[in-house]
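Asker: pasting the sequence and the predicted model now:
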Amino acid sequence: MASEGVRYREHAPHPLLRGAVKSYSSYEERHTASTEEHHLLPDANIDLVFNCGDARIEGRDGRLRPLPPVFVIGVRDRSARMVSRGLSRVLGVRFHPWHAASFLEREADVRGYCTIVGPGLEALSGQVGPLLAEGACGAALRLVEAWLLARRRVARRAAAPVAAAGLALHASDGGARVGALAERLGVSVRQLERQFKRAAGLSPKALARLIRFSRATERLELDPGASLTALAFELGYADQAHFIREFRAFAGMSPGRYAGEVRRLWPPGEAARGAAPGGDARGAAPGGDARA
């Protein structure tokens, strides 16, 4: 069964931030022994996270390390095991990856998991943390948004071709061809790839793969009985075998097994949208989540 007492909300960003920030999210859950283990799935976004609670993430050496009150989850192509105990309250800012680096410049590394931040984020976290502890997510969000608006005035904007290519890849569910995008934007493929990697930390082709994977998990959460052949065709994979191979590379499991986990955790009639298998709402402790 899905964990009880989960409160998850998404919030639209200020109009001046909408080109860079996709959404805000607030999340609250009291974890039990059966819901504390989960995995953050690979994701095509960059998340700034304010965390109030006992959350730990597994490093490459297999050891669990406490997550600090503020951290950044960058674009990633591998899942990560997390353990959350007791009451968790989380506030997240989800960036388009090609804009995150400019907003977080000198404050955080946007590659992988960044748990050491600069003085600006450290000071902001000192104000946000007590509000989250009180359950005052609205007041906490207003502080974070004011900080982002102030950063916007000095942030370097991503090159126009990079932003346009990124939005086109999202709009096409990762199906847009990089060569065609470059031609339409009046740059060479090499120029676009170089600019994109400098701004977002990955190539447009790598982003396209992650977008398609994210769309696949979203579809399976909505309809775990969906035909894998039809889903592979819908998302632009060469065939079902290609789809399964790509999905397994990112999730560590086949799409069929993932769908089985959705069915197990959310029996018919229970809403699974917004939370991958495991209960953490997608984007709350941001990123897809699959319960171990």
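Answerer: Alright, I've got the coordinates.
Asker: tell me the secondary structure of the closest residue to residue 45 other than its chain neighbours, please.
Answerer: Among residues not flanking residue 45 along the chain, residue 94 sits closest, at 5.1 Å (CB to CB, 6 or more residues apart in numbering). Glycine gets a C-beta too; all of them are placed from N, C-alpha and C. Using DSSP: H, G, I helix; E, B strand; the rest coil, the structure places residue 94 in strand.
Asker: quick check: residue 94 vs residue 24, distance?
Answerer: Look at residue 94 and residue 24: by CB to CB, to the nearest Å, they are 7 Å apart.
Asker: take the helix or strand encompassing residue 196, keep the C-alpha atoms, and write them as CSV.
Answerer: In this structure, residue 196 sits in helix 189-200 according to DSSP states H and E. Provided in CSV are the C-alpha atoms of helix 189-200 (Å, rounded to 0.1, in the frame of the first residue of the first chain):
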residue,chain,number,x,y,z
VAL,A,189,25.5,20.5,-33.9
ARG,A,190,29.0,20.9,-32.3
GLN,A,191,28.3,24.5,-31.2
LEU,A,192,24.9,23.5,-29.8
GLU,A,193,26.4,20.5,-27.9
ARG,A,194,29.3,22.6,-26.5
GLN,A,195,27.0,25.4,-25.4
PHE,A,196,24.4,23.0,-23.9
LYS,A,197,27.0,21.0,-22.0
ARG,A,198,28.5,24.2,-20.6
ALA,A,199,25.1,25.5,-19.4
ALA,A,200,23.4,22.2,-18.3
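Asker: tell me the first helix or strand C-terminal of it.
Answerer: Sequence-wise, the next helix or strand downstream of helix 189-200 (DSSP H and E) is helix 204-222.
Asker: following that following helix, which helix or strand comes up?
Answerer: Criterion used, DSSP H and E; the element after helix 204-222 is helix 228-234.
Asker: contacts for that next one?
Answerer: With CB atoms under 8 Å, 6 or more residues apart in numbering as the test, helix 228-234 has contacts from 216, 219, 220, 239, 240, 242, 243, 244, 255, 256.
Asker: quick check: buried residues in the helix holding residue 196?
Answerer: Going by neighbour count (16 or more other CB atoms under 10 Å), the buried part of helix 189-200 is 189, 192, 193, 195, 196, 199, 200.
Asker: element containing residue 60, please.
Answerer: Using DSSP H and E, residue 60 falls within no helix or strand.
Asker: number of residues surrounding it?
Answerer: Residues near residue 60, counting by other CB atoms under 10 Å, number 7.
Asker: that older thread, next one: the helix holding residue 196 to chain centre, how far?
Answerer: 21 Å (CA atoms, centre = their mean, to the nearest Å).
Asker: and for stretch 175-193?
Answerer: Its chain's average C-alpha position is 25 Å from that of stretch 175-193, according to CA atoms, centre = their mean.
Asker: over to stretch 212-229?
Answerer: On CA atoms, centre = their mean, the centre of stretch 212-229 falls 17 Å from the chain's centre.
Asker: stretch 148-160 too?
Answerer: The answer for stretch 148-160 is 21 Å, by CA atoms, centre = their mean.
Asker: excluding residues flanking it in the chain, which one is nearest residue 122?
Answerer: Nearest one to residue 122, counting by CB to CB, 6+ apart, is residue 70 at 7.3 Å.
Asker: my bad, residue 151
Answerer: residue 103 is the one closest to residue 151 (CB to CB, 6+ apart), at 5.2 Å.
Asker: what sits against the one you found?
Answerer: Residue 103 neighbours (CB under 8 Å, 6+ apart): 20, 95, 148, 151, 152, 155.
Asker: make a markdown table out of those and add secondary structure, pLDDT and neighbour count.
Answerer: Shown next, in a markdown table, are the contacts of residue 103 (DSSP: H, G, I helix; E, B strand; the rest coil; pLDDT from 0 to 100; neighbours: other CB atoms under 10 Å):
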| residue | secondary structure | pLDDT | neighbour count |
| --- | --- | --- | --- |
| 20 | coil | 91 | 22 |
| 95 | strand | 94 | 28 |
| 148 | helix | 96 | 23 |
| 151 | helix | 92 | 17 |
| 152 | helix | 90 | 18 |
| 155 | coil | 77 | 17 |
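Asker: returning to that earlier point: and which of the contacts of helix 228-234 is nearest residue 34?
Answerer: Residue 34 has its nearest neighbour among those in residue 220, at 21.9 Å by CB to CB.
Asker: hang on, the closest one packs against residue 255?
Answerer: Yes. With contact defined as CB atoms under 8 Å, residue 220 counts as touching residue 255 (6.2 Å).
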